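# This is a predicted model, with the sequence first.
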Amino acid sequence: MFEDKNVDGSNLDPIAKLTNSFNVFATKIGESITSNFSAVEIAKTVREVDDAAVNIAKSFGQGRENVLSMSKAMAGAVREVTLLGGGFESIAKIQKEVGEGLGRNLILAKDSYSGLFAAAEVTGQSAKDIVTFFKDAGFSAYQATGQMQKVVDVTRQMGVNTQAVSGVVLQNMDALNKYNFAGGVEGLAKMAGQASLLRINMKETLNFAEKVFDPEGAIEVAAAMQRLGVANSELLDPLRLMDMAQNDPAELQNQLSKMTEQFVQLNKDGQFEIMPGAKRQLREISQSLNIPYETLTKMAIGSKELDEKLQRIKFPPGAFSESQEKMIANMAEMGKDGQFKIVVDGEEMDLDKAVGKIKGMSEDERKKFFESQEPKTMEDLAKEQLKTLDDINANIKSLKVVPYAVAGTRAAKQALEAPRLITKELSNVLTGPESVSIANLTKGIDEGSNKILTDINKLITGEGSMGQLLTTMTDVGKQFENFSFKAAGEMTEKYTESIKNLEGANNQFIDVLLNSANKVKTMFMTDQNLNTPQTPTPLPPQTTNPQMGNVNNPMNVPMGNQPNQTNTQTNNSPVDINLNITAPPNIDTNQLVIAFNDTGVREAMVTAMNKARMNDNLSATNPNPQRQMVVTNNSTGLTGIPVA
């Protein structure tokens with residue numbers, strides 16, 4: 001727990017040890033409290049609970065469908081089990097053992113873990129054995145703890161070893177459905193407790209009960225008892241034998257032990273022994289009853305010892321109940337001086353003195369003395385049986401509650417499931433298609449590399465040519481291109497399938513991711529951003545070159561008012577074309593005017609312009625209707641000639 005030596009190796013003085021222990025406890029308390037607000041500790045605990053639940057589901061042969069139920073139940077029991085000295089690992093162990101013992105995938109309720117843990121700690125039996133043996137006797141897993149409580153209560157009242165008797169009870173649970181015990185499990189526990197006091201095997205008595213269960217056996221045994229001179233009326237009556245065998249095996253065992261007392265004596269050394277003249281007779285009884293001789297001798301000595309104690313103790317009339325008298329007697333043991341001793345308040349004393357001291361106690365003191373042997377809940381017993389430091393540590397550990405509370409939530413499970421599902425679907429998209437399977441990729445790579453390497457070898461040996469190699473490489477490249485197109489198509493299909501799977505996963509974390517992705521997509525891919533009509537590019541301003549005239553309209557054709565941008569109809573009104581020709585000095589402009597006025601020239605010009613507008617008859621209409629207009633030849637009367 002803490003270091004009890006100085007740095008130099010010398011022992012700490014008691015004050016330093018005490019101070020050091022308090023410092024350690026203070027540190028642990030702080031760590032336990034702060035763990036409730038530590039994201040790292042919460043994540044670690046969530047993983048711990050999930051791993052344990054998955055391992056149990058694995059032993060069940062199931063998937064993750066019950067992980068949430070198990071996580072919630074186990075996490076909910078942590079505080080109660082921790083206070084009893086256990087921890088989450090104890091809970092996981094109980095859940096797994098119970099499932100194995102029952103052979104069923106039973107998920108325990110959270111309230112049952114602390115009871116089973118306490119029962120296992122107090123009785124020394126495993127939760128698996130407790131649940132399994134009681135289940136075989138007809139009790140449910142949730143009833144097992146309550147029935148085990150009865151066993152513990154009986155052992156404490158009788159003053160016998162609880163763990164030893166509990167084991168005997170569990171091993172003989174099948175007797176409950178063979179014989180009728182008074183009080184059921186309680187009667188069985190009393191019989192086991194008496195067998196423990198007599199230091200005999202309870203099964204020997206049950207075997208005897210089986211022998212006298214039927215009339216034939218009961219008559220045979222009763223006759224043998226009479227022949228051998230046994231003085232016990234209960235065992236000499238066949239009907240009584242049958243009744244005890246069938247309905248009260250514990251009393252049958254009690255009568256057997258009383259019968260054997262007559263063969264025991266207390267010698268001068270204070271030793272209980274079988275009387276020399278009775279050993280042969282007891283052997284014959286052993287053979288007739290079919291009970292081992294060693295069992296009868298143990299039974300005889302144990303019963304005689306208890307009877308001797310009760311005879312020697314002078315209980316004041318009415319001071320103690322019968323159960324309290326037996327409890328005091330069972331707590332006594334013969335000392336070196338041949339007198340029975342008992343320890344009261346840490347002091348060893350004779351029985352009479354001890355009884356007198358107990359009787360002289362105040363009412364509260366006597367109540368406290370007997371309450372130490374009175375029934376207590378299994379949880380209280382488990383808690384009280386902890387060592388001091390273990391109890392302190394258990395209390396400190398119980399302060400850690402938030403991480404386990406989070407671990408049992410649906411949100412925690414979904415947080416763990418989200419990356420599992422996402423990576424699963426990602427794998428489905430990238431490696432799920434048949435075209436990108438390992439076998440298919442191996443085949444394609446092998447075939448392509450084999451072709452190329454074959455042509456390289458042929459080129460080296462002179463059997464092939466560079467052209468052949470390039471052709472092969474081209475073919476392999478085309479095959480790879482085809483493969484890529486096919487794989488892309490299959491991946492697209494898988495992507496759509498995976499998105500549907502994620503949408504149907506009913507996982508809020510995945511829903512958040514998908515909704516966020518859709519929101520981002522909506523923000524950057526709206527109709528306003530992608531489908532807005534483009535604004536028409538305005539015509540460049542008209543500039544005039546003194547040598548070439550108007551750059552945008554070198555023929556100085558008056559364009560008139562431009563139509564409205566939204567008006568797509570063709571303007572068919574006649575337009576005059578005025579030619580302003582600036583010719584070089586050596587050219588007579590009058591001759592040019594005469595040439596342009598020639599009808600043939602005019603028609604040729606109109607034809608050329610029309611072809612230019614129609615892109616040499618490759619386009620049906622001018623793509624820009626805003627620039628369509630009608631050219632009128634005033635001299636010839638030609639109209640309807642649009643100029644681009």
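It's in. Remember, it's a predicted structure, so these values are computed and weren't measured experimentally.
# in the longest helix anywhere in the chain, what counts as buried?
Assignment by DSSP state H gives helix 466-503 as the longest helix of the chain. The neighbour-count check on helix 466-503 (16 or more other C-beta atoms under 10 Å) flags 469, 472, 476, 483, 487, 490-491, 494-495, 498, 502 as buried. To be clear about C-beta, it is placed using only N, CA and C from the backbone, and glycine gets the same treatment.
# what's the domain layout of this structure?
38-198+381-408, 410-530, 546-627 (automatic domain parsing).
# what about the strands in this structure?
Counting by DSSP state E, the chain has these strands, from start to end: 264-266, 272-274, 333-334, 340-344, 347-350, 544-545, 549-550.
# among these, which is nearest residue 359?
strand 340-344 (11.2 Å; C-beta to C-beta).
# Just the CA trace of that closest one, in CSV.
C-alpha atoms of strand 340-344 as CSV (Å, rounded to 0.1, in the frame of the first residue of the first chain):
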residue,chain,number,x,y,z
PHE,A,340,-13.7,-27.3,28.0
LYS,A,341,-12.6,-23.8,27.2
ILE,A,342,-14.2,-20.9,25.3
VAL,A,343,-12.9,-17.5,24.3
VAL,A,344,-15.0,-14.5,25.3
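# so where do the helices sit in the stretch 301-450 of the chain?
322-331, 351-360, 363-371, 378-384, 388-397, 402-407, 410-431, 438-461 (DSSP state H, counting those that start in this stretch).
# returning to that earlier point: and of the strands of the chain, who's closest to residue 113?
That would be strand 340-344 among those, by C-beta to C-beta, at 36.4 Å.
# tell me the mean pLDDT for the closest one?
For strand 340-344, mean pLDDT is 72.
# before we move on, what about stretch 69-87?
So the average pLDDT for stretch 69-87 ends up being 88.
# quick one on the thing from earlier: closest to residue 270 among the buried residues of helix 466-503?
residue 502 (83.5 Å).
# Not counting its neighbours along the chain, what's nearest the closest one?
Nearest residue to residue 502, sequence neighbours excluded (C-beta to C-beta, 6 or more residues apart in numbering): residue 510, at 5.2 Å.
# before we move on, what about residue 259?
Here the residue nearest residue 259, using C-beta to C-beta, 6+ apart, is residue 232, at 4.4 Å.
# what's the burial count for that neighbour?
15 (other C-beta atoms under 10 Å).
# for the one 3 residues further on, same thing?
Here the count is done by other C-beta under 10 Å, and residue 235 has 24 residues near it.
# circling back: now for the longest helix of the chain, which elements pack on it?
Counting contacts by 3 or more C-beta pairs under 8 Å, 6 or more residues apart in numbering; DSSP states H and E, helix 466-503 packs against helix 410-431, helix 438-461, helix 508-524.
# picking that back up, TSV for the strands of the chain, including mean neighbour count and distance to residue 93?
Converted to TSV, those look like this (neighbours: other C-beta atoms under 10 Å; distance: least, C-beta to C-beta, whole Å):
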stretch	mean neighbour count	distance to residue 93
strand 264-266	17	47
strand 272-274	17	44
strand 333-334	14	38
strand 340-344	18	37
strand 347-350	14	41
strand 544-545	10	99
strand 549-550	16	99
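# now those as a markdown table including distance to residue 97?
Output for those, formatted as a markdown table (distance: least, C-beta to C-beta, whole Å):
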| stretch | distance to residue 97 |
| --- | --- |
| strand 264-266 | 44 |
| strand 272-274 | 43 |
| strand 333-334 | 37 |
| strand 340-344 | 38 |
| strand 347-350 | 42 |
| strand 544-545 | 102 |
| strand 549-550 | 101 |
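# Buried deepest among the domains of the chain, which one?
With neighbours taken as mean count of other C-beta atoms under 10 Å, those reach their highest mean count in domain 38-198+381-408, at a mean of 20.
# Against residue 359, how distant is the closest residue to residue 309 other than its chain neighbours?
Distances taken as C-beta to C-beta, 6+ apart place residue 329 nearest to residue 309, at 4.2 Å, with adjacent residues excluded. Counting by C-beta to C-beta, to the nearest Å, the separation of residue 329 from residue 359 is 15 Å.
# Which one's more surrounded, these two?
residue 329 (22 against 12).
# what sits against that one?
If a contact means C-beta atoms under 8 Å, 6 or more residues apart in numbering, then residue 329 has 306, 309-310, 313 as its contacts.
# Just the buried ones from these?
For the contacts of residue 329, buried by 16+ other C-beta under 10 Å: 306, 309, 313.
# Once you drop chain neighbours, what's closest to the last one?
Taking C-beta to C-beta, 6+ apart as the measure, residue 313 lies nearest to residue 351, with 4.8 Å between them; neighbours along the chain are not counted.
# That neighbour: what's it in contact with?
Listed by C-beta under 8 Å, 6+ apart, the contact partners of residue 351 are 309, 312-313, 328, 332, 339-342.
# run the last query once more with 7 Å
312-313, 332, 340, 342 (C-beta atoms under 7 Å, 6 or more residues apart in numbering).
# Max pairwise distance over those: which two?
Between any two of the contacts of residue 351 (C-beta to C-beta), the greatest distance is 11.6 Å, for 312 and 342.
# about what we covered before: mind putting the helices of the stretch 301-450 of the chain into JSON lines with distance to residue 31?
As requested, the helices of the stretch 301-450 of the chain are exported to JSON lines (distance: least, C-beta to C-beta, whole Å):
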{"stretch": "helix 322-331", "distance to residue 31": "44"}
{"stretch": "helix 351-360", "distance to residue 31": "47"}
{"stretch": "helix 363-371", "distance to residue 31": "37"}
{"stretch": "helix 378-384", "distance to residue 31": "23"}
{"stretch": "helix 388-397", "distance to residue 31": "9"}
{"stretch": "helix 402-407", "distance to residue 31": "12"}
{"stretch": "helix 410-431", "distance to residue 31": "22"}
{"stretch": "helix 438-461", "distance to residue 31": "49"}
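# if we compare these, which one ends up closest to residue 91?
Nearest of the helices of the stretch 301-450 of the chain to residue 91, taken as C-beta to C-beta: helix 402-407 at 9.9 Å.
# Let me see the contact set for residue 193.
Neighbours of residue 193 in contact, by C-beta under 7 Å, 6+ apart: 154-155, 158, 160, 165.
# Closest to residue 456 out of those residues?
For the contacts of residue 193, the nearest to residue 456 is residue 165 (86.4 Å; C-beta to C-beta).
# and that closest one, how far is that from residue 151?
7 Å.
# List the residues that are in contact with both of the two.
residue 189.
# Quick one: residues contacting the residue nearest to residue 465 when sequence neighbours are not counted.
Counting by C-beta to C-beta, 6+ apart, residue 459 is the residue found nearest to residue 465 once chain neighbours are left out, at 6.8 Å. Residue 459 sits next to 465-466, 469 when contact means C-beta under 7 Å, 6+ apart.
# can you list the residues you listed in CSV and add distance to residue 434 and pLDDT?
Listed next are the contacts of residue 459 as CSV, based on distance: C-beta to C-beta, whole Å; pLDDT from 0 to 100:
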residue, distance to residue 434, pLDDT
465, 37, 88
466, 36, 89
469, 31, 87
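# For stretch 207-222, output the C-alpha coordinates as PDB.
Taking Å, rounded to 0.1, in the frame of the first residue of the first chain, the C-alpha atoms of stretch 207-222 are listed here in PDB:
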ATOM      1  CA  ASN A 207     -26.900 -43.800   1.300                       C
ATOM      2  CA  PHE A 208     -28.300 -45.300   4.500                       C
ATOM      3  CA  ALA A 209     -31.500 -43.300   3.900                       C
ATOM      4  CA  GLU A 210     -31.700 -44.900   0.500                       C
ATOM      5  CA  LYS A 211     -31.300 -48.300   2.100                       C
ATOM      6  CA  VAL A 212     -34.300 -47.900   4.500                       C
ATOM      7  CA  PHE A 213     -36.400 -45.900   2.000                       C
ATOM      8  CA  ASP A 214     -38.400 -49.000   1.100                       C
ATOM      9  CA  PRO A 215     -40.200 -51.300   3.500                       C
ATOM     10  CA  GLU A 216     -37.900 -54.300   2.800                       C
ATOM     11  CA  GLY A 217     -34.800 -52.300   3.700                       C
ATOM     12  CA  ALA A 218     -36.400 -50.700   6.800                       C
ATOM     13  CA  ILE A 219     -37.500 -54.100   8.200                       C
ATOM     14  CA  GLU A 220     -34.100 -55.600   7.600                       C
ATOM     15  CA  VAL A 221     -32.200 -52.800   9.300                       C
ATOM     16  CA  ALA A 222     -34.600 -52.700  12.300                       C
END
